[in-house]
Structures are given as structure tokens and as C-alpha cells.
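Undergrad: Could you work out the structure for the sequence below:
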Amino acid sequence: MPKIVALAHGITSLKLALAGIHVEDTADARAVEARLSELLEERDCHVVILMERFRSGFSEWFTEHLRKHKGLPLVVNCPAFEQEESNVDAYLSAVLKPAVGYEIRLE
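TA: Take a look at the predicted model:
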């Protein structure tokens, strides 16, 4: 089992694969939920990169289960790379401000 697994689709899966990450390409949120559930039980995998758009298709129970998950594997949400118009500053602020405690602005 690879240490890092990505659950992605489309151009995002291609770019992650080109970066050398093991990618399981799927477009169905239910299939991703089932596979992610399996990966959460395995201890061989250390990081799961999850395409952010899949989260909206998860069941309420699984969303709560994922929120309470601690330990390995670390689940990292990844935005879709297909989006040309993205507000990078707002995304970085939303991610970094809670972790660091203050806002970082890029110029």
C-alpha cells in the first residue's frame, strides 16, 4: 500500500499522478466514501488527498465520522485544479489564519 493515496478525478488526478502520487481516479462520491472508509481503517496509508468536491456527496453519518477522525491517515482536502478563477488569498487565509492565529497577506 502506498503511503500517500489521492482520491480524485479529471485533471486533478492527472496532475497528482504526474507529481508521483498514487491516484485512484473516480467520479462517484459514494465510491469515494466507500474507499475512504476502507483507507481510514488501514494503518499502512499515512496521507489521503481528497478532492474537495466529493465531500458534498458524503452521507451525514460519514461526514461526522470523518470530522471526528484522529490519527493516521491524515485526510487532506484538495481543491479542483480545473477552476481557473479561484481566490487564492481567501483560500490561504481560511486555511492559515486558524492555524497561525493571524492573517497573512500575499502581495
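Undergrad: hey, where'd the strands end up in the chain?
TA: 4-8, 22-25, 47-51, 74-78 (DSSP state E).
Undergrad: partners of the second one in the sheet?
TA: According to DSSP bridges, strand 22-25 forms sheet pairs with strand 4-8 (parallel).
Undergrad: any idea of the angle the partner strand forms with strand 74-78?
TA: Angle, strand 4-8 to strand 74-78, by axes from the mean of the first three to the mean of the last three C-alpha atoms, to 10 degrees: 40 degrees.
Undergrad: relative to strand 47-51, how tilted is strand 4-8?
TA: Going by the same axes, to 10 degrees, strand 4-8 makes 10 degrees with strand 47-51.
Undergrad: Show me what strand 4-8 is in contact with.
TA: With contact meaning C-beta atoms under 8 Å, 6 or more residues apart in numbering, strand 4-8 is reached by 13, 16-17, 21-26, 32, 35-36, 39, 45-51, 54, 73, 78. Using the backbone N, CA and C atoms, a C-beta is placed for each residue, glycine as well.
Undergrad: Just the buried ones from those?
TA: For the contacts of strand 4-8, a burial check counting by 16 or more other C-beta atoms under 10 Å picks out 13, 16, 21, 23-24, 26, 32, 35-36, 39, 45, 47-51, 54, 73, 78.
Undergrad: can I get the strands of the chain in a markdown table with mean pLDDT and distance to residue 103?
TA: Converted to a markdown table, these look like this (pLDDT from 0 to 100; distance: least, C-beta to C-beta, whole Å):
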| stretch | mean pLDDT | distance to residue 103 |
| --- | --- | --- |
| strand 4-8 | 83 | 29 |
| strand 22-25 | 84 | 33 |
| strand 47-51 | 78 | 26 |
| strand 74-78 | 79 | 20 |
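Undergrad: Out of the helices and strands in this protein, which is least certain?
TA: Within the chain, no helix or strand scores below helix 88-100, which has a mean of 70 by mean pLDDT, DSSP states H and E.
Undergrad: hmm, back to that, so can I have TSV of the strands of the chain showing distance to residue 95?
TA: Below are the strands of the chain laid out as TSV (distance: least, C-beta to C-beta, whole Å):
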stretch	distance to residue 95
strand 4-8	18
strand 22-25	22
strand 47-51	15
strand 74-78	9
